[in-house]
Each structure stands twice: as C-alpha cells, then as structure tokens.
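# Show me how the following folds:
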Amino acid sequence: IGNMQLLKLQSWENIFAKDVQNHREEELKLHTKRGAIRALNQAISNAVPTITLVVTLSAYAKTGRPIVASTIFTAISLFNQLRFPLFFYPMLIDSMANGRNSLR
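Alright, predicted model coming up:
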C-alpha cells in the first residue's frame, strides 16, 4: 500500500501503467508462441504413427513381397501400440521447456 501511495503522490501512475502494459503484451506474445508450438508438436506426434505405417508398408511393397491382409493388420496393430508412448512425447518436451525456464 505504501508503494501505491508513493506512485500516486509522485504522479507516476501513467508511467508505471505503461510499463506494466508493455510487460503484459510481451507475456501475451510468449504465451501465444508457446501455444502454437504446443499445437504443432501435438499434431506432429499424432501423425507420426500413421506416416510411419504408410512409409513402412510402401517400403515393404517395394521389396516385391505380396501384401496380404494379415500383414497389413499386424502392422497396423503394432504401429497403434506406438501411439501410447508417442502420446507422452509432447508432454516431455513441454516439461523440459518449463524446467529450462524455471532454471533461468
């Protein structure tokens, strides 16, 4: 309360308000950037198993071996099991970024 009285007494309210507003704008920009990076990271993590499956089946087809339903369904099952570990990868990156920011 004493500091607020000093601000009012010296008529520094506007100067202080501008400084606070500038810091808030910088913080908002950082939060927006962080949200965009998190969304991109999540989208990539969700797409990786599907892309890996398509690339693997394409490489398998190039070897000249016949693609039968049992092979495709087995590959789909195995790559779906990758989704669970990859689900935690974006959270790991986010936690590491938060830890890095905390150490500053």
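
# Show me the longest helix that occurs in the chain.
If each helix of the chain is counted by residues according to DSSP state H, the longest one is helix 13-62.

# From Ser45, how far out is Leu57?
20 Å (C-beta to C-beta, to the nearest Å). Just so you know, the C-beta spots here come from the backbone N, C-alpha and C atoms, and that holds for glycine as well.

# what residue is smack in the middle of the protein?
Arg38 (2.1 Å; C-alpha atoms, centre = their mean).

# Now it: closest residue in space that isn't a chain neighbour?
In space, and not counting its chain neighbours, Arg38 is closest to Asp94: 6.4 Å by C-beta to C-beta, 6 or more residues apart in numbering.

# Can you get me the centre-to-centre distance for the helix or strand that neighbour falls within and its chain?
Element membership for Asp94, per DSSP states H and E: helix 89-103. From the chain centre to the centre of helix 89-103 is a distance of 10 Å (C-alpha atoms, centre = their mean, to the nearest Å).

# just the angle between it and helix 13-62, please?
150 degrees (axes from the mean of the first three to the mean of the last three C-alpha atoms, to 10 degrees).

# Which strands and helices lie in contact with helix 89-103?
Under the contact criterion of 3 or more C-beta pairs under 8 Å, 6 or more residues apart in numbering; DSSP states H and E, helix 89-103 touches helix 13-62.

# contact partners of the next helix or strand after the helix it packs on?
Once the chain leaves helix 13-62, the next helix or strand it forms, by DSSP H and E, is helix 69-87. Helix 69-87 is contacted from outside by Ser45, Val48, Pro49, Thr50, Thr52, Leu53, Thr56, Leu57, Tyr60, using C-beta atoms under 8 Å, 6 or more residues apart in numbering.
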